[in-house]
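S.K.: Return atomic coordinates for the entry below.
(2 chains)
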Amino acid sequence: MKRVVITGMGAVSACGLGADALVQATQSGASGVRPVKFTNIDQQRVGTAAALAPETKEKIEEDAGHRMREPVSNYAVMAAREAVAQAGLGPEDFGDRCGVSIGSGFGGAQTLDRNYMKFSVEGSMRLDPMSVPKIMNNAAASWVSMEFNAMGPAYCLATACSSGSQSIGLAYQLLKAGVMDRCLAGGSEASLEGGVFRVWELLRVMTADKNRPFSKDRNGMTLGEGSGVFVLETLESAKARGANILCEIAGYGTNSDAGDLLRPNPERAAACMNLALADAGLQGSDIGYVNAHGTGTVANDINEVAALRSVFGEDLAGLEVSSTKPVHGHALGAAGALELVASFGALQRQSAPPTINFNEVDPKIGIDPVGNAARPISTRAVMSNSLAFGGINATLILKTYE
Amino acid sequence: MSTDRETLTRELLALVADEGMVEASEIAPEKRLEDLDIQSADFVMILMAIEEKYDVYISVDNELSDVETVQDLLDLVITKIEDQKAA
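M.R.: Below is the predicted model of the structure:
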């Protein structure tokens, strides 16, 4: 089995353009959550989301806008360009030996939403003729492969909130097995559209207040959007081209609850983290920081903390845990990718990013996460969890490259 | 209890019965929602109807995690409706 390393990363998020902007925001606790208004929702109940800033959207449109694609693909192309530039890849590094694995939860939500309104409300038959290629979930993956002439395997996992983590995990497994030499892997989501937002309101898992993971007064999540893309390579390929290695992907675990579509199962989440640890050949005590799925819903918080205690010990000694979702929002299919960027930031800076908006320890779960200000850590490995609707769990472990 | 509250309570009991698909005669404030077989999917229907009728948003989260009986639900919803009116 081959070792797999990261040589580049890119991000588009409510915190701005670039992986550095996201790391900086998660470390300092500068939230990208802002007011959002959807004209096709009569009476909007939830008024905020971690939407991209208008200037970020303008810049993306200017640099990556294309009449054949919509924001979900543009975000991925922007993030991939940044990752490829950082990795220093040239035309000779793509071709058959480079794959793409970019997931999305909703795909082309903007086109879908606009079509619904035109078709149903206006009764128009004059819809966007390019709707199908814009909406299809694999559009972002395909545009990224075309952008760089990456002709190896191209995947698009649509596993809700685990899409990003699983896409990176799948790429890691394929690289490890020698199926390809490098892969552009991550997730993209641009589903802050009226129709989508309204159905999230109706599921009632969003807070009308602030997102406060693990806090006693938590009351739901805040949606986000964006894209995170990594350049993953086998260690030998990275070395052969003299690449600067950022860190190693040490382990990956994924499993299914096979239980309930919406209600999580702590035993399965714990089993998933244990799979990743076993794959990495590490003990729980080797992990210094966990970037939790941490949605700030009561169901997730209770489930995830129970799972963490089962894996890392009742008192979670020596482990820092936080959720960075109040900063970049819950970006669904991009969540795992954005949070892996934040986790890399933690590893690189040896600093656990804060769970902002945290007010008070919840006696129901009793965890005191890294609240409101970053904490120094001293560790060679960090973990990131994604626990999705559908009962799909995914855990990634990053390690300092030695 | 003011007349307003009595009317509201009556309306809400009818709404819970309707959306929770429970016989109105079975609903009583002291009954546990679980015993009435009202589950999470019914909750979102009940809360959607409450939003439509009374203009309040209640997330299926902390606010609901301590709700066990019909009375608990009534108390929560009535508080929210009164907050909304006061706002």
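S.K.: Now the closest residue to chain B within the stretch 301-402 of chain A. Nearest residue, chain neighbours left out?
M.R.: Residue nearest to chain B within the stretch 301-402 of chain A (Cβ to the nearest Cβ): A:Lys364, separated by 8.0 Å. To be clear about C-beta, it is placed using only N, CA and C from the backbone, and glycine gets the same treatment. The spatially closest residue to A:Lys364, leaving aside those adjacent along the chain, is A:Ile302, at 6.4 Å (Cβ to Cβ, 6 or more residues apart in numbering or on different chains).
S.K.: next one: phi and psi at the closest residue to chain B within the stretch 251-400 of chain A?
M.R.: Nearest residue of the stretch 251-400 of chain A to chain B, counting by Cβ to the nearest Cβ: A:Val298, 4.9 Å away. Main-chain dihedrals, A:Val298, degrees, to the nearest 10: phi -60, psi -40.
S.K.: OK, now which residue of the stretch 1-150 of chain A is nearest to chain B?
M.R.: A:Arg45 (3.7 Å).
S.K.: Can you tell me the closest non-neighbouring residue to that residue?
M.R.: B:Tyr57 is the one closest to A:Arg45 (Cβ to Cβ, 6+ apart), at 3.7 Å.
S.K.: burial count for residue 61?
M.R.: All of this is about chain A. Residue neighbour count, defined by other Cβ atoms under 10 Å in any protein chain shown, stands at 12 for A:Glu61.
S.K.: To clarify, I was referring to chain B.
M.R.: When neighbours are counted by other Cβ under 10 Å, B:Asp61 registers 21.
S.K.: who touches residue 23 in this structure?
M.R.: By default, I'm working from chain A. Listed by Cβ atoms under 8 Å, 6 or more residues apart in numbering or on different chains, the contact set of A:Val23 reads A:341-342, A:344-345, A:348-349.
S.K.: that's the other chain; I wanted chain B
M.R.: By Cβ under 8 Å, 6+ apart, the contact set of B:Glu23 is B:Ala17.
S.K.: Quick check: the gap between A:Ala250 and A:Ala83.
M.R.: Relative to A:Ala83, A:Ala250 is positioned 20 Å away (Cβ to Cβ, to the nearest Å).
S.K.: Ignore what I typed, I meant B:Ile46.
M.R.: B:Ile46 is 46 Å from A:Ala83, by Cβ to Cβ.
S.K.: Mind giving me the packing neighbours of the longest helix seen in chain A?
M.R.: Looking across chain A with DSSP state H, the single longest helix is helix A:71-87. In terms of contacts (3 or more Cβ pairs under 8 Å, 6 or more residues apart in numbering or on different chains; DSSP states H and E), helix A:71-87 is packed against strand A:4-13, helix A:19-28, helix A:54-64, helix A:109-116, helix A:139-148, strand A:182-189, strand A:226-234.
S.K.: what residue ranges in chain A are flagged as low confidence?
M.R.: Within chain A, no stretch has pLDDT under 70.
S.K.: which of the helices and strands packed on helix A:71-87 is buried the deepest?
M.R.: Comparing these by mean neighbour count (mean count of other Cβ atoms under 10 Å in any protein chain shown), strand A:182-189 ranks first with a mean of 35.
S.K.: how many degrees apart are it and helix A:71-87 in direction?
M.R.: Taking axes from the mean of the first three to the mean of the last three Cα atoms, to 10 degrees, one finds strand A:182-189 and helix A:71-87 inclined to each other by 140 degrees.
S.K.: With only the CA atoms kept, save strand A:182-189 in PDB.
M.R.: Taking Å, rounded to 0.1, in the frame of the first residue of the first chain, the C-alpha atoms of strand A:182-189 are listed here in PDB:
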ATOM      1  CA  ARG A 182      -2.700  11.900  -7.900                       C
ATOM      2  CA  CYS A 183      -6.300  13.200  -7.500                       C
ATOM      3  CA  LEU A 184      -8.100  16.500  -7.200                       C
ATOM      4  CA  ALA A 185     -10.500  15.700  -4.300                       C
ATOM      5  CA  GLY A 186     -13.100  17.500  -2.300                       C
ATOM      6  CA  GLY A 187     -16.600  18.800  -2.300                       C
ATOM      7  CA  SER A 188     -18.700  21.600  -3.600                       C
ATOM      8  CA  GLU A 189     -22.100  23.100  -2.600                       C
END
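S.K.: ok, it: who's next to it in the sheet?
M.R.: Under the criterion DSSP bridges, strand A:182-189 sits next to strand A:98-103 (parallel), strand A:226-234 (antiparallel) in its sheet.
S.K.: how deep is the residue in chain B that chain A sits nearest to tucked in, by neighbour count?
M.R.: Nearest residue of chain B to chain A: B:Tyr57, at 3.7 Å (Cβ to the nearest Cβ). Other residues near B:Tyr57 come to 18 when the count uses other Cβ under 10 Å.
S.K.: can you check B:Tyr54 too?
M.R.: 18.
S.K.: Leaving out the residues flanking it, which one is nearest to it?
M.R.: Leaving out its chain neighbours, the residue that sits closest to B:Tyr54 by Cβ to Cβ, 6+ apart is B:Ile81, at 4.9 Å.
S.K.: Surely that neighbour touches B:Arg5?
M.R.: No. Using Cβ atoms under 8 Å, B:Ile81 is not in contact with B:Arg5, being 9.9 Å away.
S.K.: more crowded one of these two?
M.R.: Between B:Ile81 and B:Arg5, B:Ile81 has the larger neighbour count (other Cβ under 10 Å), namely 19 against 13.
S.K.: Going by neighbour count, list what's buried in the helix or strand hosting that one.
M.R.: Under the criterion of DSSP states H and E, B:Ile81 resides in helix B:70-86. By neighbour count on 16 or more other Cβ atoms under 10 Å in any protein chain shown, the buried set for helix B:70-86 is B:70, B:73-74, B:76-78, B:80-81.
S.K.: Adding distance to A:Ser167 and pLDDT, write those out as CSV.
M.R.: Below are the buried residues of helix B:70-86 laid out as CSV (distance: Cβ to Cβ, whole Å; pLDDT from 0 to 100):
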residue, distance to A:Ser167, pLDDT
B:Val70, 45, 91
B:Leu73, 41, 92
B:Leu74, 46, 92
B:Leu76, 40, 92
B:Val77, 41, 92
B:Ile78, 46, 92
B:Lys80, 40, 89
B:Ile81, 44, 89
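S.K.: and which of those residues is nearest A:Asp260?
M.R.: B:Leu73 (22.1 Å; Cβ to Cβ).
S.K.: residues contacting the closest residue to that closest one other than its chain neighbours?
M.R.: The spatially closest residue to B:Leu73, leaving aside those adjacent along the chain, is B:Val67, at 5.1 Å (Cβ to Cβ, 6+ apart). Residues counted as contacts of B:Val67 (Cβ under 8 Å, 6+ apart) are B:33, B:73, B:76.
S.K.: if we can go back for a sec, my read: the residue of chain B closest to chain A touches B:Ile50, true?
M.R.: No. B:Tyr57 sits out of contact with B:Ile50 when judged by Cβ under 8 Å, with a separation of 9.1 Å.
S.K.: SS state for A:Gln43?
M.R.: coil (DSSP: H, G, I helix; E, B strand; the rest coil).
S.K.: who's in contact with the residue of chain B closest to chain A?
M.R.: A:45-46, A:201, A:204, A:208, B:51.
S.K.: among those, who's most crowded?
M.R.: A:Arg204 (25 neighbours).
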